[in-house]
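Chemist: Just need the structure, nothing else, for what follows:
(3 chains)
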Amino acid sequence: MPRSTTARTLREFHDALLAAYGPRHWWPGETRTEIMVGAVLTQNTNWTNVERAIANLKSADALDWHRLNDMGHDELAALIRPAGYFNVKARRLKKLVEWVVGEFDGDLDAMFARSTATLREELLNVNGIGRETADSILLYAGGHVTFVVDAYTARVLRRHGLIDEDADYELIKELFEGNLPEDEKLYNEYHALLVEVGKQCCRPRNARCEECPLGAFPHDTSR
DNA sequence: TGCCAGGCCGGGT
DNA sequence: ACCCGGCATGGC
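Modeler: Numbering: from 1, shown residues only, chains lettered A, B, ... in the order given. I've put the predicted structure just below:
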């Protein structure tokens, strides 16, 4: 598909999704710290479960880098239990906290002042922070212009014929970044809209989605 | 009731 | 360079 066609299609998809669902007002979280913690907690996990875990952290007054740093594994794991994978996620959160406190003493202004590319590399070096989590933190907590890709994004693009089966994260990310204006608000909205269409109709098993804002004839309905 | 949810890591081939 | 099992809760 020619580059200009891809660019137009991606813009049309965005506009159709926005018309169908309206602005998503993402990320659902009040502070940068909450967004960063939520990004780890939502790994392969339903957001409603994450909300419970975050509510527990708030009740314990634990959404704070130094408090988190002082907390023991078992205490943290108990608080985030509803989010699932609580032992894994407690470890991952502690790794992130160690880095934020160790490198910046919890100063997020200092942290996000680093360049997008540098910060992305550094986040990826933290054990437990992969590409989607890093990009979510950069975009939604830091306001950095970087496109977030997730399972929904890949499935939607695959079903509507824009990528093939084996397209990996970086390729999909570059498809958006190379064909859209470099605009934080646009990236923010687009990713949130892709999640919404993924939840509404582009689900793993539904054979066909007649109501889909992007059209009713997906290429691949098997997954 | 089984399937799914806004991944990521580590070990094996 | 892939491929796969493990990790866990809660909603439908």
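
Chemist: And the residue of chain A that's closest to DNA strand C?
Modeler: A:G84 (2.5 Å; CB to the nearest atom of the strand). Quick note: C-beta positions are derived from backbone N, CA and C, even for glycine.

Chemist: For that residue, give its distance to A:N46.
Modeler: 8 Å (CB to CB, to the nearest Å).

Chemist: For the two, work out which one has more neighbours and name it.
Modeler: The residue with more neighbours, out of A:G84 and A:N46, is A:G84; 16 against 11, by other CB atoms under 10 Å.

Chemist: Which residue comes closest to that one once chain neighbours are left out?
Modeler: Closest residue in space to A:G84, ignoring its immediate chain neighbours: A:T45 at 5.2 Å, by CB to CB, 6 or more residues apart in numbering.

Chemist: pretty sure that neighbour is touching A:R81, no?
Modeler: No. Counting by CB atoms under 8 Å, A:T45 does not reach A:R81; the two are 11.9 Å apart.

Chemist: Mind listing what's buried along the strand or helix carrying A:V97?
Modeler: When elements are defined using DSSP states H and E, A:V97 is found to belong to helix A:86-104. Neighbour-count burial for helix A:86-104 flags A:86, A:89-97, A:99-101, A:104 (criterion: 16 or more other CB atoms under 10 Å).

Chemist: Including pLDDT and distance to A:P2, could those residues go into CSV?
Modeler: Shown next, in CSV, are the buried residues of helix A:86-104 (pLDDT from 0 to 100; distance: CB to CB, whole Å):
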residue, pLDDT, distance to A:P2
A:F86, 98, 48
A:K89, 98, 43
A:A90, 98, 48
A:R91, 98, 46
A:R92, 98, 41
A:L93, 98, 44
A:K94, 98, 48
A:K95, 98, 43
A:L96, 98, 41
A:V97, 99, 46
A:W99, 98, 43
A:V100, 98, 43
A:V101, 98, 49
A:F104, 98, 44
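
Chemist: Pick the one among the residues you listed closest to DNA strand B.
Modeler: A:R92 (7.3 Å).

Chemist: contacting residues for the nearest residue to that closest one once chain neighbours are set aside?
Modeler: In this structure, A:R92 finds its nearest non-sequential neighbour in A:G128, 2.8 Å apart by CB to CB, 6+ apart. Neighbouring residues of A:G128 by CB atoms under 8 Å, 6 or more residues apart in numbering: A:V40, A:V88, A:K89, A:R91, A:R92, A:L93, A:K95, A:L96.

Chemist: how about the nearest residue to the most centrally placed residue in chain A, chain neighbours excluded?
Modeler: What sits nearest the mean C-alpha location of chain A, by CA atoms, centre = their mean, is A:S136, with 4.2 Å. Leaving out its chain neighbours, the residue that sits closest to A:S136 by CB to CB, 6+ apart is A:A39, at 4.3 Å.

Chemist: again with A:T6
Modeler: A:N179 (5.2 Å).

Chemist: helix, strand or coil for the one you found?
Modeler: Judged by DSSP: H, G, I helix; E, B strand; the rest coil, the three-state class of A:N179 is coil.
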